[in-house]
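1. take a look and give me a structure for this.
(one chain, ligands or ions: 1)
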Amino acid sequence: MTNTQVTHIQIDNYGPWTVTPEPRREVDLQTLQSRLYADLAQLFGNRDGYIFFSRFDNMIAVTNGLDEADHALIQESVGNRYPVTMSLSVATGTTPVSALGTATEQLQEAGSAQDDGRREVLRGQTIEESFRTPADVQLAHFDVDDATGKYTDQLNEFDTFIRIEQGYAALMKYMREAHDSLSFFVGGDNVIAVCPDLDEAAYRDACDHVREAVDVELKVGVGRGRTPADAGMDAKHALEHCRADGATVRFEE
Ligand SMILES: Nc1nc2c(ncn2[C@@H]2O[C@H](COP(=O)(O)OP(=O)(O)OP(=O)(O)O)[C@@H](O)[C@H]2O)c(=O)[nH]1
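-> This is a model prediction of the structure:
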């Protein structure tokens, strides 16, 4: 049984900040957002967590292995170096969807995303060390079959982008609704899904759905681990096995 620890990250009062005292230059906002994501990828990643940029002003991390002190330090480091602060809310659940639901509720209870008085909130509970297991995290690394041959080397870059995004949109929605999973585009033709304890049939079902809905062919490698880094690396190895033998779904054992 998985036990996913999820952290919801939200920049405090960001909407008003972007237009105060007047609208700030878009290039500066883009730079801030991408640098903050890069810093958080390092800060969470060096502690074996995974972070996904989702909407940039809100981000979602899988943080099995990080405790409250780790979160506090990450929060403080950003507060010291950026013109904005961020709130963090952590929760656990047998599915990533339920964990994120709890984390978000805790943040919403602490105040609005656009409440000037709600700053640097740190809420929630991490998993106690003695309860952690080697199968707490299940990550799936989805990849579009031969994206280079079918799209990148054939279409103009925007039309390739549309195809990949359509596959992503169909997959993220279906994995959320049918399989309680959170799927994130990570670049190129890749999507990483944070999943509960799903079996091979569930992944096959998701790939079938995306093919039927938007005519995009996927394959997927699945890994399990005590930390997101372990599960994610196993998923990459499993995907390499798919590439080697043409399988649609492979678990790393
Ligand atoms: N974030 C991330 N991006 C990747 C990874 N592997 C590949 N990519 C991206 O995906 C693009 C396409 O690479 P592949 O998926 O290897 O190529 P493909 O043409 O789909 O070929 P097959 O995957 O073998 O079917 C690359 O240019 C990268 O941008 C990965 O592990 N993580």
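2. tally of neighbours for the closest residue to His241 other than its chain neighbours?
-> Spatially, and ignoring its direct neighbours in sequence, His241 is nearest to Arg250 (4.5 Å; CB to CB, 6 or more residues apart in numbering). (Each C-beta comes from the backbone N, C-alpha and C, glycine too.) Counted by other CB atoms under 10 Å, the residues lying close to Arg250 total 23.
3. neighbouring strands for the helix or strand encompassing Arg250, and are they parallel or not?
-> Assignment of secondary structure by DSSP states H and E places Arg250 within strand 249-251. Sheet pairing of strand 249-251 (DSSP bridges) gives strand 218-225 (parallel).
4. let me know whether the helix or strand that the partner strand is followed by sits next to the ligand.
-> Later in the chain than strand 218-225, the nearest helix or strand by DSSP H and E is helix 228-245. Yes - interface with the ligand: helix 228-245 contributes Lys236, Arg243 (CB under 6 Å from any ligand atom).
5. if we can go back for a sec, what sits up against the strand holding Arg250?
-> With contacts defined as CB atoms under 8 Å, 6 or more residues apart in numbering, strand 249-251 is touched by 200, 203-204, 207, 219-224, 238-239, 241-242.
6. pick out the most distant pair among those.
-> The largest distance within those, taken as CB to CB, falls between Cys207 and Arg224 and amounts to 19.1 Å.
7. need the pLDDT of the closest residue to Met233 other than its chain neighbours.
-> Distances taken as CB to CB, 6+ apart put Gly223 closest to Met233, at 6.7 Å, once the chain neighbours are dropped. pLDDT for Gly223: 98.
8. ok, Gly223 touching Gln138?
-> Yes - using CB atoms under 8 Å, Gly223 is in contact with Gln138, at 7.4 Å.
9. alright, calling it a day.
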